[in-house]
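Chemist: can't give you the sequence, but here's the structure:
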C-alpha cells in the first residue's frame with residue numbers, strides 16, 4: 001500500500017504566486033512527503049513552512065540537496081572570498097555546514113559556531129545610481145537587486161534556494177518605490193524578500209517577443225559580481241545603468257573562456273513544462289540570437305533584457321514575504337527573480353539562513 005503524505009498544500013490568497021505547506025517534518029522527510037513538496041514548488045514557485053525554529057543547518061542543507069542529490073557545492077563556490085565582489089559583505093559561512101550562509105543585520109555574539117559577527121543588510125544606496133533621501137529612508141524603500149542565485153561562471157545555477165528566518169525584528173511596513181517614472185509603488189513588510197515569477201514574465205510577452213526569447217541565448221560576463229562592482233543599478237533594482245563603470249577584464253581574476261556561462265533565455269519547468277524568461281539582468285553581457293546575430297553592445301543588451309523583464313515586476317506580480325521567526329521558504333531558482341528590501345534601525349538584529357547548491361546540470365531550455 002502506498003504511503004500517503006500528511007502534508008497539505010494551501011495556495012496563498014491574494015498573492016500572484018506561492019503556497020504554504022503544512023504538517024511537514026523537514027528534519028525527517030520521507031520520499032512521499034518530498035514528492036508533495038517538489039510538485040508544490042514547481043507549481044507555485046515559492047513554498048513556505050511555518051514554525052520551523054528547530055530546523056538544523058544540516059537538515060536545511062539536506063532538504064536543499066534533495067532537489068539535486070548529485071551536488072554538494074555552495075552555489076556561488078568561492079566567489080564570496082573575493083573582497084571586491086558585490087556579494088562579499090552580505091553573507092557569512094556556517095563553519096560546520098559550509099553550504100549554509102548566514103545573512104541579516106546587526107551584531108551577533110554567537111550563532112552556529114560564528115562568534116562576534118556583524119551582519120549587514122543590503123541597502124540600495126550602496127548599489128543604485130540614485131537613492132532615497134536620508135529623511136525619507138525610514139518609511140520608504142526600493143528593491144535592492146532583482147536576481148537569481150547563481151555564480152554564472154564555472155558553476156551551474158542552483159535549482160532551488162532555501163531561506164530560513166531565525167530572528168525577525170518587527171516594525172512598521174515601508175512604501176516601496178520604483179522611482180523610474182512609472183509611478184509604481186507598493187507597501188511591503190520591513191525587510192521583506194520579494195519574489196516575481198519569470199514564468200509570468202514570459203507569459204506577458206507578445207508572441208513576437210516569446211519567439212525571440214525562446215531562440216536567444218544569454219552570455220554572462222566572467223566573474224560577474226566583481227565585474228559589476230563599480231557600476232550602479234537602475235532605481236528599481238532590475239539591471240544596471242550603462243555608464244561604463246564595469247571593471248575591465250585586466251582587473252578581474254584570471255578568465256577561463258570555457259567557464260563563461262552561456263545559457264538559454266528561457267528555462268523549462270521540469271514538472272509543468274512552462275517556460276520562464278530567466279535572466280540575471282545585472283550580469284548579462286551578450287545575446288546570441290537564433291539567426292546567428294550576436295548583440296554585444298552592452299547598453300543595447302541591457303535595454304533589450306530590461307524591456308522584456310520589466311512588466312514581470314509590476315506591483316501586481318510581486319509577492320512580498322512577511323517573515324515570522326521559524327519560517328522557511330523554498331523557491332524555484334530557475335523560475336523566479338527575488339530581491340531583498342528595506343532598512344533596519346540601529347539595534348534591530350535580524351538573522352536568516354540561506355542555502356543553495358550549484359546544479360549538477362545546466363538549466364533546460366525550451367527544446
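Modeler: Thanks, I have the structure now. Remember, predicted model here, so these are calculated numbers, not experimental data.
Chemist: list the contacts for residue 35?
Modeler: residue 5 (CB atoms under 8 Å, 6 or more residues apart in numbering). (Glycine included, C-beta is placed from N, CA and C.)
Chemist: in a helix, that's where it is, yeah?
Modeler: Yes - counting by DSSP: H, G, I helix; E, B strand; the rest coil, residue 35 is part of a helix.
Chemist: which pLDDT value belongs to residue 321?
Modeler: pLDDT for residue 321: 98.
Chemist: ok, now which ones touch the closest residue to residue 137 other than its chain neighbours?
Modeler: Nearest residue to residue 137 in three dimensions, chain neighbours excluded: residue 343, at 5.8 Å (CB to CB, 6 or more residues apart in numbering). Taking CB under 8 Å, 6+ apart as the contact definition, residue 343 lies against 121, 123, 137-138, 141, 174, 190.
Chemist: which positions in stretch 298-307 come out as buried?
Modeler: For stretch 298-307, burial by neighbour count (16 or more other CB atoms under 10 Å) applies to 298, 301-302, 304-306.
Chemist: dig out what residue 115 forms beta bridges with.
Modeler: Beta bridges link residue 115 to residue 110 when assigned by DSSP bridges.
Chemist: repeat that for the one 4 residues further on.
Modeler: Taking DSSP bridges as the rule, residue 119 bridges to residue 106.
Chemist: for it, grab the count of nearby residues.
Modeler: 22 (other CB atoms under 10 Å).
Chemist: any idea how far it is from residue 112?
Modeler: From residue 119 across to residue 112, the span is 13 Å (CB to CB, to the nearest Å).
Chemist: what's the overlap in contacts for these two?
Modeler: The contact lists of residue 119 and residue 112 share residue 102, where a contact means CB under 8 Å, 6+ apart.
Chemist: if we can go back for a sec, how would you label the residue nearest to residue 137: helix, strand or coil?
Modeler: Applying three-state DSSP: residue 343 is coil.
Chemist: what's the pLDDT at it?
Modeler: 89.
Chemist: over to residue 128?
Modeler: Looking at residue 128, the pLDDT reads 97.
Chemist: if it is in a bridge, with which residues?
Modeler: residue 233.
Chemist: stretch 111-129: which residues count as buried?
Modeler: Applying 16+ other CB under 10 Å to stretch 111-129 flags 111-112, 114, 117, 119, 121-124, 127-128 as buried.
Chemist: swap that for stretch 243-260, please
Modeler: For stretch 243-260, burial by neighbour count (16+ other CB under 10 Å) applies to 246-247, 252, 260.
Chemist: and which of those is nearest to residue 178?
Modeler: Distance to residue 178, by CB to CB, is smallest for residue 246 among the buried residues of stretch 243-260, at 23.9 Å.
Chemist: how near is the closest one to residue 221?
Modeler: 8 Å.
Chemist: who touches both of those two?
Modeler: 227-228.
Chemist: please verify my assumption that residue 205 contacts residue 308.
Modeler: Yes - between residue 205 and residue 308 there is a contact under CB atoms under 8 Å: 6.6 Å.
Chemist: need the overlap of contacts for the two.
Modeler: With CB under 8 Å, 6+ apart, residue 205 and residue 308 have common neighbours 213, 277.
Chemist: give the contact list for the residue nearest to residue 339 when sequence neighbours are not counted.
Modeler: Excluding the flanking residues, the one nearest residue 339 by CB to CB, 6+ apart is residue 143, at 4.1 Å. Residue 143 sits next to 124, 176, 178, 194, 236-238, 313, 339, 341 when contact means CB under 8 Å, 6+ apart.
Chemist: now residue 143: which helix or strand?
Modeler: Following DSSP states H and E, one finds residue 143 outside all helices and strands.
Chemist: show me the strands in the stretch 101-250 of the chain, by range?
Modeler: Using DSSP state E, counting those that start in this stretch, the strands of the stretch 101-250 of the chain run over 114-119, 140-141, 160-167, 174-177, 185-188, 193-197, 217-220.
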